[in-house]
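Q: pasted the sequence and its predicted model underneath.
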Amino acid sequence: MRGIRIPALATAILAALMLPVSLMTPASAAAPTVDVRPLPLPVGERPTVPYLDRATDDSLSVVDPDTGTTTPVEYVGDPGDSFKLLGRSGSGFVLRGSNRNIDDIVRVRPGTPQRLLASLHYSSKARLSSDGRYLLDTIPLAGGGIRVQVRSATTGAGVAQHTFKATTRPDPIDVKGTVVLVGGFNAPRTMVWDWNTGTIETIATRAAYAGSYATDRLATYTMDPSDPDACTVVSTISAPRTQLWRGCIEAVASFAPDGARFATNAIAHQNHADVVRRRSLHGTLLTTYTNPDGLRTHAWETSTRILMSSASTHEIWLVRCEVADCERAWRAYD
């Protein structure tokens, strides 16, 4: 990150300390709002978390900053493929690649052939468990149900499966032991499905859509997020009925690695993608980032430093911010 000018910062702190208590208004401590349109920002270091790089129009690779390796990705269709990096799994990476009627989950690893883990439907949900061991996905069935599947993220082999009614629209979130955290609708709810015992228990009357057993964090919708009355609630998985924060214009994009903060995009019924907010676990607003050309949360580099996909007229950049100190990290794969 760019160096912060210490003399100016020290002067500002000293001046604040000298103010009478009566002048320390809430406005003086307001969370900053930062314009993160990429081109005016200085260029900084590359991302410190894995990212996709398209060096040429016909090539795509996963760059791993931890090891310094670059792993080529084979197209599932042609160079028009769209890829999303789902995350790290052991010494490899899992990606979702789509192109017209193709929707595949693949695993890449340095020095080994690319492996197909699953072929899905465009409407399927797919994510990695927080420990990277399992691929969680959904498959719509001809009979009208939706099957939730747990697969090995290494081989794609099936571990467990359960079929829900199509109206439930199940969304598997994470795994702990043999228990899968699942969000569902019709009547919004959060469930835990134990594939060892075959039991399903409802633990909250809101639909889970983000969370992690590793940090004991959970984000839920009160109703379908496209409904103008929908709100989002943050809680822990261990106490899902205890509300830590509630908001009706934002949806949690991701929790920080230590679980102490979360980042939000606009909830679906707001119909825009130009604001990202960083909040404490109990919802205190820490920073607001804006870009009228388009802005989405990308990933946390640390528990306080965030990457966002920030658009300019002709390209998208990964922009890194530590509170209000921001810079361009890399031209994003798009």
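A: Structure received. Residues are numbered from 1 along each chain as shown.
Q: quick check, residue 135 in a helix?
A: No: remark: residue 135 does not belong to a helix; assigned using DSSP: H, G, I helix; E, B strand; the rest coil, it is strand.
Q: what separation do you get for it and residue 92?
A: Counting by Cβ to Cβ, to the nearest Å, the gap from residue 135 to residue 92 is 12 Å. (Glycine included, C-beta is placed from N, CA and C.)
Q: out of these two, name the residue with the larger neighbour count.
A: residue 135 (28 against 21; other Cβ atoms under 10 Å).
Q: ok, now which ones touch that one?
A: By Cβ atoms under 8 Å, 6 or more residues apart in numbering, the contact set of residue 135 is 86, 94, 105, 117-118, 126-129, 149-153, 156.
Q: so what does the nearest residue to residue 138 once chain neighbours are set aside have for phi and psi?
A: Using Cβ to Cβ, 6 or more residues apart in numbering and skipping residues adjacent in sequence, the residue nearest residue 138 is residue 125, 4.5 Å away. With angles defined as degrees, to the nearest 10, residue 125 shows backbone torsions of phi -90, psi 150.
Q: count of neighbours near residue 125?
A: When neighbours are defined as other Cβ under 10 Å, residue 125 has 18 of them.
Q: contacts only, for it.
A: 136, 137, 138, 170, 171, 172.
Q: the strand or helix carrying residue 62: what's the following helix or strand?
A: Assigning secondary structure by DSSP states H and E places residue 62 in strand 61-64. Next in sequence after strand 61-64, counting helices and strands by DSSP H and E, comes strand 69-72.
Q: need the contact partners of the next helix-or-strand element following that following strand.
A: Helices and strands here follow DSSP H and E; after strand 69-72, the next one along the chain is strand 82-89. Residues from elsewhere that reach strand 82-89 (Cβ under 8 Å, 6+ apart): 50-52, 60, 62, 73, 93-99, 105, 107, 126-128, 132-133, 135, 153-154, 333.
Q: find the nearest non-adjacent residue to residue 122, please.
A: Nearest to residue 122 is residue 103, by Cβ to Cβ, 6+ apart, at 5.3 Å.
Q: just checking, that neighbour touches residue 121?
A: Yes: the criterion here is Cβ atoms under 8 Å, and residue 103 meets it with residue 121 at 6.3 Å.
Q: give me the more crowded residue out of those two.
A: The residue with more neighbours, out of residue 103 and residue 121, is residue 103; 19 against 13, by other Cβ under 10 Å.
Q: thinking again about what came up before, from residue 84, how far out is the residue nearest to residue 122?
A: Residue 103 is 11 Å from residue 84, by Cβ to Cβ.
Q: alright, calling it a day.
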